[in-house]
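**Q** only the shape, not the letters, is given here:
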């Protein structure tokens, strides 16, 4: 069985949701602390936010089944840091966003297990990204890769204070063309409900940086949402009423990416 699902669309837009999955296989979960087995650092409900928008637009959607605790699909397979000098979780992380250990004493995955997870989860997901980008670019001449993410509004290990509501990352402008970034930033500036940042603490992870190649017709953008705007951050319960307003602005951004 595939460890991801891909819904192929008809427009030059691929929405990747690499941290949407929360499943942890039993052979891994039983070696973890009980709190970690809940996979609390999941990008909760991002598929629920994006899939109705993608269906309406005709966009492709790629999402994994497994938790980022199994392997982080938005990290390089060689384990290099995304933000050198800053504390962060890794490819196969041993700590959560609260800084607490994920695994019981003596139960950390070894190098052989890490490679097995790369082979089973990481490589197939990235092959799917590459193949879908190639398909859409061949059909349309260009493609936008949209990385949909979310995170708790306050994560002291990663940043000070409260995170802005919408965090747009384009690798400081390297992963997409200037016209696209201007359109997206204009969407955010034209509304007053949500705070936002562009290339702030979140500049785009490995997927954005690796696949974004504007000169070759591939533009990549990451959007990191503060979860308090569409869900309860303690219970992980989805808030339909608040989510509708978040979806509306995401929809405007996605429309702008296709212009």
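**A** Arrived safely. None of the values given here were measured: they were computed from a predicted structure.

**Q** quick one: average pLDDT of stretch 160-171?
**A** Per-residue pLDDT over stretch 160-171 has a mean of 95.

**Q** so residue 220 sits in a helix?
**A** No - under DSSP: H, G, I helix; E, B strand; the rest coil, residue 220 sits outside any helix and is assigned strand.

**Q** beta partners of it?
**A** Beta bridges link residue 220 to residue 145, judged by DSSP bridges.

**Q** return the residues in contact with it.
**A** Residues near residue 220 by C-beta atoms under 8 Å, 6 or more residues apart in numbering: 144-147, 170-171, 175-176, 204, 207-209, 211-212. (C-beta placed from N, C-alpha, C; glycine too.)

**Q** in the host helix or strand of residue 129, what counts as buried?
**A** Following DSSP states H and E, one finds residue 129 within helix 123-140. By 16 or more other C-beta atoms under 10 Å, the buried positions in helix 123-140 come out as 125, 126, 128, 129, 132, 133, 136, 137.

**Q** nearest spatial neighbour of the second one, skipping sequence neighbours?
**A** Using C-beta to C-beta, 6 or more residues apart in numbering and skipping the chain neighbours, the partner closest in space to residue 126 is residue 73 (7.4 Å).

**Q** now swap in residue 11 and tell me
**A** Closest residue to residue 11 apart from its sequence neighbours, by C-beta to C-beta, 6+ apart: residue 58 at 4.6 Å.

**Q** for residue 191, same thing?
**A** Per C-beta to C-beta, 6+ apart, closest to residue 191 is residue 249, 6.2 Å.

**Q** number of nearby residues for that neighbour?
**A** Residue 249: 21 surrounding residues under other C-beta atoms under 10 Å.

**Q** and the helix or strand it falls within, what does it pack onto?
**A** Counting by DSSP H and E, the element that carries residue 249 is helix 240-258. In terms of contacts (3 or more C-beta pairs under 8 Å, 6 or more residues apart in numbering; DSSP states H and E), helix 240-258 is packed against strand 13-16, helix 46-57, strand 143-151, helix 178-189, strand 218-226.

**Q** list the buried ones in that helix?
**A** With burial defined by 16+ other C-beta under 10 Å, the residues of helix 240-258 counted as buried are 243, 246, 247, 249, 250, 251, 252, 253, 254, 256, 257, 258.

**Q** quick check, nearest of those residues to residue 38?
**A** residue 243 (21.1 Å; C-beta to C-beta).

**Q** wait, doesn't residue 184 sit right on residue 257?
**A** Yes - Residue 184 is in contact with residue 257 according to C-beta atoms under 8 Å; the separation is 7.0 Å.

**Q** what helix or strand is the residue nearest to residue 60 when sequence neighbours are not counted on?
**A** Nearest non-adjacent residue to residue 60, counting by C-beta to C-beta, 6+ apart: residue 9, 3.9 Å away. Assigned by DSSP H and E, residue 9 falls within no helix or strand.

**Q** burial of residue 9, as a residue count?
**A** Residue 9 has 18 nearby residues by other C-beta under 10 Å.

**Q** that one and residue 59 touch, don't they?
**A** Yes - when contacts are counted by C-beta under 8 Å, residue 9 is listed as touching residue 59 (4.4 Å).

**Q** now residue 111: how far from residue 9?
**A** 38 Å (C-beta to C-beta, to the nearest Å).

**Q** likewise for residue 78?
**A** For residue 78 relative to residue 9 (C-beta to C-beta), the value is 31 Å.

**Q** equivalent analysis for residue 189, please.
**A** In terms of C-beta to C-beta, residue 189 sits 28 Å off from residue 9.
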